[in-house]
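what shape does this take:
(one chain, ligands or ions: 1)
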Amino acid sequence: MQFHQPTPGEELIHFEHLQKTFGPKRVYDDLELSVNAGETLVVIGGSGTGKSVLLKCLIGLLYPDSGRILFQGQDVTRFHEEDFLAVRRRVAMVFQGAALFDSLTVGENVAYPLREHFPNMTPEELSRRVAEKLALVNLPGTEAMMPANLSGGMRKRVGLARAIATDPEVILWDEPTTGLDPITTQSINAMINSMKEKLGCTSIVVTHDMASAFAVADRIAMLANRRIVQVGTPEEMRRSTVPEVRAFLDARQEELAPREVAS
Ligand SMILES: Nc1ncnc2c1ncn2[C@@H]1O[C@H](COP(=O)(O)OP(=O)(O)OP(=O)(O)O)[C@@H](O)[C@H]1O
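Alright, predicted model coming up:
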């Protein structure tokens, strides 16, 4: 499967009339969403609304019941496993819990997708690429460390280095800041922004964390009632009058507001 180098701003991904059920549970009715090359699109929505399922459908871990998912105009829902290899080289997923192989060193973790996608890469080239990606996530020289000896934030960054090892054009971030302290959260936000600025990557970020959403988003899409109810810039979303968006943001506002302390 061949894809061309996307031009910034062109429509890269289009979820079209997507329907998905799990048994009696309907997750999407008629979901529509476009993602443009070079942008960071954040998907927000309540728990269980189908944010992660959207990412999994894009890389073929799940299939929609009907509708299409166009990647540069090609319908990935019709792809066979071998075609998805080409998609997965271009679209990398950073999983919620970093999902490192605990028995492998940091360097071997980052080299893993390179060995899978480029079996003929020389050991020198492998080491060079691994060192380059670890430096990009501010973990230079950590190749020999074991995942068990890393902090949560470092594990996330190794997970990111592994995800970007194959130089993907698109990065999917599933709850990248969940469970992290404010300082690590900031460094992950900075990482998302720098992937766009330094490497021109397109990102889709799924998150509950509105502070993080506003820190990284070019556009925010809100998933509710089995469809995307609004897509807009952070400013447009802040001023939204769409009831589902208002209710979601107002609830988050209360969570974020400092609590009054009774004297
Ligand atoms: N493989 C699966 N088999 C059955 N049901 C599933 C599967 N994957 C997801 N679901 C269901 O689909 C719905 C959407 O799940 P999804 O993980 O996308 O939600 P989410 O919006 O990412 O939620 P959260 O924010 O809590 O992670 C949920 O009801 C979930 O239980």
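
which residues of this structure fall in helices?
Assigned by DSSP state H, the chain shows helices spanning 51-58, 81-90, 106-117, 123-136, 152-163, 182-199, 210-216, 234-238, 243-256.

least confident of these, on average?
Confidence, taken as mean pLDDT, is least for helix 81-90 of the helices of the chain (a mean of 80).

switch the helices of the chain over to a markdown table; also include mean neighbour count and distance to Asn36.
Placement of C-beta: from N, CA and C, glycine included. A markdown table is the format used below for the helices of the chain (neighbours: other Cβ atoms under 10 Å; distance: least, Cβ to Cβ, whole Å):
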| stretch | mean neighbour count | distance to Asn36 |
| --- | --- | --- |
| helix 51-58 | 21 | 15 |
| helix 81-90 | 15 | 15 |
| helix 106-117 | 20 | 25 |
| helix 123-136 | 16 | 24 |
| helix 152-163 | 23 | 21 |
| helix 182-199 | 16 | 12 |
| helix 210-216 | 20 | 15 |
| helix 234-238 | 16 | 16 |
| helix 243-256 | 14 | 21 |
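
figure out which of these is closest to the ligand.
The minimum distance between the ligand and the helices of the chain falls on helix 51-58, with 3.4 Å, by Cβ to the nearest ligand atom.

helices or strands next to that closest one in the packing?
On a contact count with 3 or more Cβ pairs under 8 Å, 6 or more residues apart in numbering; DSSP states H and E, helix 51-58 meets strand 11-22, strand 25-36, strand 40-44, strand 66-71, strand 170-174, strand 202-206.

can you name the residues of the stretch 51-200 of the chain that neighbour the ligand?
Lys51, Ser52, Val53 (Cβ under 6 Å from any ligand atom).

and if we set it to 8 Å?
Lys51, Ser52, Val53, Leu54, Lys56, Leu62, Gln96, Asp174, Glu175 (Cβ under 8 Å from any ligand atom).

go ahead and confirm the last one touches Val206.
Translated: Glu175. Yes - counting by Cβ atoms under 8 Å, Glu175 touches Val206, with 6.1 Å between them.

so what's the closest residue to Leu55 other than its chain neighbours bridging to?
Excluding the flanking residues, the one nearest Leu55 by Cβ to Cβ, 6 or more residues apart in numbering is Leu172, at 4.6 Å. Note on Leu172: beta-bridge partners Met93, Ile204, judged by DSSP bridges.

got a pLDDT number for Leu172?
So Leu172 comes in at 94 (pLDDT).

hmm, it is touching Val94, no?
Yes - counting by Cβ under 8 Å, Val94 is a contact partner of Leu172 at 6.8 Å.

what do the two both touch?
Common contacts of Leu172 and Val94 (Cβ atoms under 8 Å, 6 or more residues apart in numbering): none found.

sorry, back to before: out of the helices and strands packed on helix 51-58, nearest to Ser240?
strand 40-44 (11.3 Å; Cβ to Cβ).
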